[in-house]
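Undergrad: below are the sequence and a predicted model; questions follow.
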Protein chains: 2
Amino acid sequence: MSVARRTGRRPGGPDTKGEILAAARVEFAERAYDGASVRGIAARAGVDPALVHHYFGTKEQLFLAAMEIPFTPSEVAAQIMSGPQPGTGERAVRTFLAIWADPVKRAPFLALLRSAMTHPGAAALLRQFARRAMLARVVARLDVPDRELRAEAAVSHLLGMALMRYVVKIEPLASASEDELVSLVGPVIQRYFDP
Amino acid sequence: MSVARRTGRRPGGPDTKGEILAAARVEFAERAYDGASVRGIAARAGVDPALVHHYFGTKEQLFLAAMEIPFTPSEVAAQIMSGPQPGTGERAVRTFLAIWADPVKRAPFLALLRSAMTHPGAAALLRQFARRAMLARVVARLDVPDRELRAEAAVSHLLGMALMRYVVKIEPLASASEDELVSLVGPVIQRYFDP
DNA sequence: CGTAGATTTCATCATATGGTGAATATTGCT
DNA sequence: AGCAATATTCACCATATGATGAAATCTACG
C-alpha cells in the first residue's frame, strides 16, 4: 500500500535489459559517447542508474553492446551489386540513404559517427565497419586500380553527406528528397566504380 | 626569494591571452568542445584556470574566440576559381587539402568538425562557414541548376574526406599523398561544377 | 511453503567540471 | 616616488559524473 515503490524487483517480466539498450542507443546517437550519461540513459529507460551498471558493467561495455549494427552487411552489399554496373553508384546512395532514413537503423550509425570524434574506441569501430562493410564486400570485386582508396573515397562522400544532412543539418541538403540525392550524387560516386 | 611563486602578476610582457587562445585551439581540436576542459586549456597554457575566465568569461565565449578562421575565404575562393573551368574540382581538392595539412590552420576546422557533433553552436558555425565560404563565393558564379545542392554535395565530400583522413584515420586514405587524392577526387568533384 | 537466485533500488564515494570573488604582485603613468 | 590599472593566482562552491556495495523485493523451483 505504499505509494512510492522502494527497492526490489518489480513485478511482471519486462525486458529491462532491452529497454536500457534502446535508451542507450538513443542517447548515444543524440549526444555521443561523452555527452551521454549513464544517469540519462537510466532515466530514459525508467530505471535506476545502478541497474545499468549491474547489467553492463561499465559505460564502455554498454556502448559496445549498444553498437550492434541492425542489419547484415552481406545483404546490403548484395543489393548494391545486383543490377547493371553503371547503376552501382546510384544503388549505393539509395541503399545508404534508406538505412539512414529509418531512425532505428540510423541510431547506431549516428552514435558511431558522433562518438568517433572524441572516443578512439568508437573511431576504431567506425573504421573497421567502413572496411568490412563497404570495401571488402562491394569494391573488392571491381576491377579497378587503387581499389581501397577508391572505396574509401566513396565512403567519405557518403559519410560526409550523412554528416551534413543529419548532424549539421545544412539546407537544402537536409530537406532534399532521397530521389533527388540519388540522382545527383549517384552518378558522381559511380566514377569511383568505373575504370 | 621564494622558490614557488604565489599569486600576482608575473614579470615580463608575455602574450598570455594569445597563449591561452592557442592552447584552446589545440585542446578543442583534439577533444572537441565538451571534452576540452577549461582546466586542461589553462594547464596547457601554463596558467591558472581562473585566468581563462578572467579573459574570456565563459567557456562558450572562449570557444567562439578560438574559432576565428585563419585565412580569408575570398582569397581561397579566388584561388579555386582562377584557371580553366575543367580543373576547378582538382583545385578545390588541392586547396582544401593544403589547409588541412597545416596543423595551425587545421586546428579550428578540426575543432569545429569535432564539436559540431555535440555542440549546436559549433554546428551552426560550421553550417554558416560552409555556406559563406564555399557556396556563396565559389559555386554562385557557376551556371548550373541546383547550385546550392551541388555545392553542399561537393562540401560533403571534402568534409567526409577530412573526417576519414584526420579523425577516423582509415588507411590507406590517411597516408595517401595530397597529389594522389587530388587526382583521384578532383575529377569526381568536378562533376558538381559541370552542367 | 521455503529458499536460492535474479532483479531492482538506495545511499554513498571520489573525482572532475564550470564558475566566482578576494587577494597579491607587476606595470605604466604622472 | 606614488598610485591606479592590469595581470595573475588562491580558495572555494555547486553540480554532475562513473562507479560500488548493501539491502529489498520478486520469480522459480523443489
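TA: Right, received. Where do you want to start?

Undergrad: just the pLDDT for A:A77.
TA: Reported pLDDT at A:A77 in the predicted model: 86.

Undergrad: let me fix that, I meant to ask about A:P195.
TA: The pLDDT attached to A:P195 in the predicted structure is 77.

Undergrad: which SS class is A:R131?
TA: Using DSSP: H, G, I helix; E, B strand; the rest coil, the secondary structure recorded for A:R131 is helix.

Undergrad: do I have it right that it meets B:I170?
TA: Yes: under the criterion of C-beta atoms under 8 Å, A:R131 lies in contact with B:I170, with a separation of 7.2 Å. In short, each C-beta sits where N, CA and C put it, glycine included.

Undergrad: the residue in chain A that chain B sits nearest to: neighbour count?
TA: With C-beta to the nearest C-beta, the shortest gap between chain A and chain B falls at A:G160, namely 2.3 Å. The tally of other residues near A:G160 (other C-beta atoms under 10 Å in any protein chain shown) stands at 24.

Undergrad: now it: how far from B:A130?
TA: Shown here: A:G160 relative to B:A130, a distance of 11 Å by C-beta to C-beta, to the nearest Å.

Undergrad: again, but for A:R150
TA: A:R150 is 25 Å from B:A130, where distance means C-beta to C-beta.

Undergrad: with A:D146 instead?
TA: As defined by C-beta to C-beta, A:D146 lies at a distance of 28 Å from B:A130.

Undergrad: out of those two, which sits in the more crowded spot?
TA: B:A130 (21 against 14).

Undergrad: and the spatially closest residue to the more buried one that is not a sequence neighbour, what pLDDT?
TA: Using C-beta to C-beta, 6 or more residues apart in numbering or on different chains and skipping the chain neighbours, the partner closest in space to B:A130 is B:V155 (5.1 Å). Predicted confidence (pLDDT) at B:V155: the value is 94.

Undergrad: please apply the same query to the one 4 residues further on.
TA: Per-residue confidence at B:L159 stands at 96 (pLDDT).

Undergrad: correct me, but it touches B:L112?
TA: No: at 10.1 Å, B:L159 does not count as touching B:L112 under the criterion of C-beta under 8 Å.

Undergrad: the longest helix seen in chain A and chain B, are they touching?
TA: In chain A, taking DSSP state H as the definition, the longest helix is helix A:16-35. Yes: Helix A:16-35 reaches chain B (C-beta under 8 Å from any C-beta of the partner chain) through A:31-32, A:34-35.

Undergrad: got the contact list for that helix?
TA: Where contact means C-beta atoms under 8 Å, 6 or more residues apart in numbering or on different chains, the residues beyond helix A:16-35 that reach it are A:36-37, A:40-42, A:44-47, A:51-52, A:55-56, A:62-63, A:65-67, A:106-108, A:110-111, A:114-115, A:117-119, A:122, B:32, B:34-35, B:117-118.

Undergrad: next one: stretch A:60-74
TA: Surrounding stretch A:60-74, the residues in contact under the criterion C-beta under 8 Å, 6+ apart are A:20-21, A:24-25, A:28, A:33, A:38, A:41, A:52, A:56, A:99, A:104-105, A:108-109, A:111-112, A:115, A:119, A:121-122, A:125, A:129, A:132-133, A:137.
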